[in-house]
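**Student:** The following block contains a protein sequence and its predicted model.
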Amino acid sequence: MQAYAEAYRAERGSGSLTQNWDDLIQRKQAAVLEYEEQIVAVVKRGSTVNHAIVVGTFTFPQFRKQGFSRQLLAFFIQETLKEYAAVKLWVDEDNVDAIALYRALGFQQIGSYYTGYFGERSLHTEIEPARPEDAAAILEIHAAAVHQTAAPYYSEEVINSWASLPITSERIERVKQEWIENPDHQIVVAKQSSQIVGFGFIDKRAKSTTHPCNCDALKLCLIDETSRYTAPGHRLLFFKG
């Protein structure tokens with residue numbers, strides 16, 4: 001089972017290497033399919049109050065395209081439906097073979113969302129207070145994020161009022177001056193290989209006896225598009241100033 005955990009993590013970029021397999025099997029939270037005295041496919045499940053969630057479906061590469069996953073999943077789903085009213089799962093959009101299998105077993109897509117994986121694939125990220133000379137890089141990341149996310153919903157005129165392009169030297173100097181005039185606004189940057197790949201805006205005014213959480217407030221966290229899968233956002237969110 002440890003070989004499964006390592007193979008799944010290497011291929012899909014997620015998953016725990018410290019599972020208590022004996023406990024999972026005893027509680028019927030995992031099932032395996034054996035062929036010629038070796039494990040060829042594995043599946044696990046989690047649950048909520050109303051439904052079960054299939055996770056970690058995996059067939060070792062040398063045994064794929066032989067129907068093992070279909071056989072194991074069909075059995076596992078049948079057993080799970082004896083305890084739960086519904087079975088759900090999520091799957092990466094690039095895992096086309098798994099999607100085809102799930103559809104063949106009767107699953108239907110009901111939604112989509114973004115998941116970020118953080119782990120050994122992540123690059124080393126340094127978090128440090130922003131300096132005045134970082135203003136240009138921060139404005140570039142901000143502008144790219146605004147133009148990309150807002151384009152489907154707002155006119156170009158509105159978007160440019162929020163993050164105009166090109167970024168002028170006058171605007172850079174204005175941002176630097178705003179930092180000086182607003183010491184309660186702290187900006188931290190995420191750097192990979194000495195390059196700024198993201199930033200966070202912290203409002204230290206929130207830390208007061210009148211604020212319900214009595215803590216600094218992270219008001220903004222933006223990541224460069226080319227670096228969003230390498231975990232700088234995760235490091236920024238868990239940064240403590």
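**Tutor:** Nice, I can see it. Residues are numbered from 1 along each chain as shown.
**Student:** from here on, contacts and neighbour counts on C-alpha atoms
**Tutor:** Noted.
**Student:** Look through the chain and tell me its longest helix.
**Tutor:** Ranked by residue count under DSSP state H, the longest helix found in the chain is helix 135-150.
**Student:** can you give me how far it is from the chain middle?
**Tutor:** Centroid displacement of helix 135-150 relative to its chain, using CA atoms, centre = their mean, to the nearest Å, is 20 Å.
**Student:** Check which helices and strands it sits against.
**Tutor:** Identification of packing neighbours for helix 135-150 by 3 or more CA pairs under 8 Å, 6 or more residues apart in numbering; DSSP states H and E yields helix 156-162, helix 169-181, strand 195-203, strand 217-223.
**Student:** how far away is the residue lying farthest from the centre of the chain from Ile25?
**Tutor:** When each C-alpha in the chain is compared with the mean C-alpha position (CA atoms, centre = their mean), Glu36 comes out farthest, at 37.7 Å. Distance, Glu36 to Ile25, by CA to CA, to the nearest Å: 21 Å.
**Student:** what stretches of this protein score poorly on pLDDT?
**Tutor:** Along the chain, segments meeting pLDDT under 70 span 113-124, 183-185, 203-241.
**Student:** hmm, try it at 80
**Tutor:** Applying pLDDT under 80 to the chain flags residues 12-19, 47-50, 111-127, 145, 148-153, 164, 179-186, 192-193, 200-241.
**Student:** Break down it into its helices, ranges please.
**Tutor:** 2-12, 21-26, 68-80, 96-104, 135-150, 156-162, 169-181, 232-237.
**Student:** Specify the angle between the longest one and strand 195-203 in degrees.
**Tutor:** Which is helix 135-150. If you take axes from the mean of the first three to the mean of the last three CA atoms, to 10 degrees, helix 135-150 sits at 80 degrees to strand 195-203.
**Student:** And the third one, by the same measure?
**Tutor:** Relative orientation of helix 68-80 and strand 195-203, computed by the same axes, to 10 degrees: 20 degrees.
**Student:** for helix 68-80, the distance to its chain's centre please.
**Tutor:** Per CA atoms, centre = their mean, the centroid offset for helix 68-80 relative to its chain is 28 Å.
**Student:** Which strands and helices lie in contact with that helix?
**Tutor:** Helix 68-80 sits against strand 30-35, strand 38-47, strand 51-59, with contacts defined as 3+ CA pairs under 8 Å, 6+ apart.
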